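Novice: got a predicted structure plus its sequence, pasted below:
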Amino acid sequence: MKKNMSILFFGIMIFFSCGEKVKVEDAVQGTTTETTTQNATTENTTTESTSSTKKEFTNEELLGNYVGMFRAHKYDEKKKPTWANKISISIDKIEGNKVKGHSVVAGNDRPFTGSIQMKDGENYSYVIEGKEPGDDKYDGVFYMTLLPADKKLEGTWVANNSKLSVTERKYTLSRMDFKYDPELSLEEFGFDQMYGTYNQHTGESEIITENVSSKNASTDELTKADVENMHKGDLEVMRNAIYARHGYSFKNRKMRYVFNHIDWYVPYSTDIRDQLTDLEKKNIDLLKRYENHAERYYDSFGR
């Protein structure tokens with residue numbers, strides 16, 4: 001009899017629980033979900049989503065300057081192309097899906113205009129197509145992917161002129177805004193031979209030594225005793241380091257190949273003459289007097 005009474009009590013509890021809501025706690029997710037038992041009407045449930053790690057960027061946050069190597073991808077080897085130059089690409093203005101910017105590379109400062117769109121399925125990456133004006137033979141189109149969270153800009157540049165020595169370049173750039181700093185040194189300099197100075201007949205070339213970092217021509221007032229016994233290559237690099245600190249983009253291929261490999265160097269401008277300090281101007285004049293009057297290895301504004 002006692003056993004039958006227990007079965008009857010359990011059945012009554014099931015009967016009265018039908019249709020009542022039961023709250024289920026999800027300890028792992030930290031969510032609360034309301035469900036109903038059998039024969040109950042389904043009701044809307046609410047689940048609190050976990051916090052997202054995504055960050056949405058404003059147009060202002062997408063603006064900035066990106067620096068890195070501009071490497072040849074499609075080229076005519078017979079035309080002796082420049083394999084790589086350091087480039088700055090600046091995103092200057094965004095309005096709606098329109099973008100304006102400019103690039104500085106190999107003595108060229110060229111604007112571009114185009115479109116910007118968020119890339120589907122990605123964490124706030126943006127696709128940019130920027131067209132240069134087309135009135136310079138080295139103009140082309142930048143196809144870029146902007147990754148603001150990673151502070152990266154990567155993509156391809158395609159030349160308008162299919163007869164150039166390089167018709168396509170690749171790049172992966174890092175966010176690096178320019179700021180003049182006279183204290184930047186050449187201590188990391190690791191070259192011993194200047195590009196373009198090798199003499200096939202004598203087997204000689206201009207040599208760069210550790211003396212190139214003995215003085216900073218942006219902060220130290222140089223004397224005759226400082227420079228009179230230095231190699232021409234050292235003098236030339238020391239002098240051009242002044243321009244490099246100001247973000248000058250070199251037309252001279254020899255100097256491009258020197259400063260391309262200096263981490264702090266940002267090619268930001270093609271004319272910095274009005275930014276030189278009085279001390280820098282004085283040191284430039286002294287260094288020039290002691291440099292040999294050898295051929296300058298200038299080339300055109302080519303990329």
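Specialist: Structure received. Numbers count the residues shown, from 1 in each chain.
Novice: between the two ends of stretch 189-209, what distance do you get?
Specialist: 9 Å (C-alpha to C-alpha, to the nearest Å).
Novice: what's the average pLDDT for that stretch?
Specialist: Taken as a whole, stretch 189-209 carries a mean pLDDT of 78.
Novice: for that stretch, buried residues please.
Specialist: When burial is assessed from 16 or more other C-beta atoms under 10 Å, stretch 189-209 yields the following buried residues: 189, 194-195, 197, 206, 208. Every residue, glycine included, has its C-beta placed from N, CA and C.
Novice: for it, what is the distance to the chain centroid?
Specialist: Relative to its chain's centre, stretch 189-209 lies at 31 Å (C-alpha atoms, centre = their mean, to the nearest Å).
Novice: again with stretch 180-193
Specialist: 20 Å.
Novice: and stretch 172-188, by the same measure?
Specialist: Using C-alpha atoms, centre = their mean, the offset of stretch 172-188 from its chain centre is 12 Å.
Novice: circling back to that earlier point, can you add distance to residue 101 and secondary structure and give the buried residues of stretch 189-209 back as CSV?
Specialist: Shown next, in CSV, are those (distance: C-beta to C-beta, whole Å; DSSP: H, G, I helix; E, B strand; the rest coil):
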residue, distance to residue 101, secondary structure
189, 31, coil
194, 33, coil
195, 30, coil
197, 36, coil
206, 37, coil
208, 35, coil
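Novice: could you work out the most separated pair of those?
Specialist: 189 and 197 (16.1 Å; C-beta to C-beta).
Novice: before we move on, the earlier item: out of the buried residues of stretch 189-209, which is nearest to residue 280?
Specialist: Distances from residue 280 to the buried residues of stretch 189-209, taken by C-beta to C-beta, are shortest for residue 189, at 18.9 Å.
Novice: got a list of what the closest one touches?
Specialist: Applying C-beta atoms under 8 Å, 6 or more residues apart in numbering to residue 189 gives the contacts 208, 212-213, 237, 262.
Novice: quick revisit: what is the nearest of the buried residues of stretch 189-209 to residue 83?
Specialist: Among the buried residues of stretch 189-209, and counting by C-beta to C-beta, the member closest to residue 83 is residue 195, at 11.4 Å.
Novice: need the per-residue pLDDT for the closest residue to that closest one other than its chain neighbours.
Specialist: Spatial nearest neighbour of residue 195, chain neighbours left out: residue 257 (4.2 Å); criterion: C-beta to C-beta, 6 or more residues apart in numbering. pLDDT for residue 257: 91.
Novice: am I right that residue 257 sits in a helix?
Specialist: Yes. Membership of residue 257 in a helix is supported by DSSP: H, G, I helix; E, B strand; the rest coil.
Novice: to what extent is it buried, counted in neighbours?
Specialist: Neighbour count for residue 257, taken as other C-beta atoms under 10 Å: 19.
Novice: go ahead and confirm it touches residue 197.
Specialist: No. If you go by C-beta atoms under 8 Å, residue 257 and residue 197 don't touch, sitting 10.9 Å apart.
Novice: about what we covered before: same list, the buried residues of stretch 189-209, but as TSV with distance to residue 233 please.
Specialist: Listed next are those as TSV, based on distance: C-beta to C-beta, whole Å:
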residue	distance to residue 233
189	11
194	5
195	10
197	7
206	4
208	5
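Novice: okay, and which of the contacts of residue 189 map to helices?
Specialist: Among those, DSSP state H puts residue 237 in helices.
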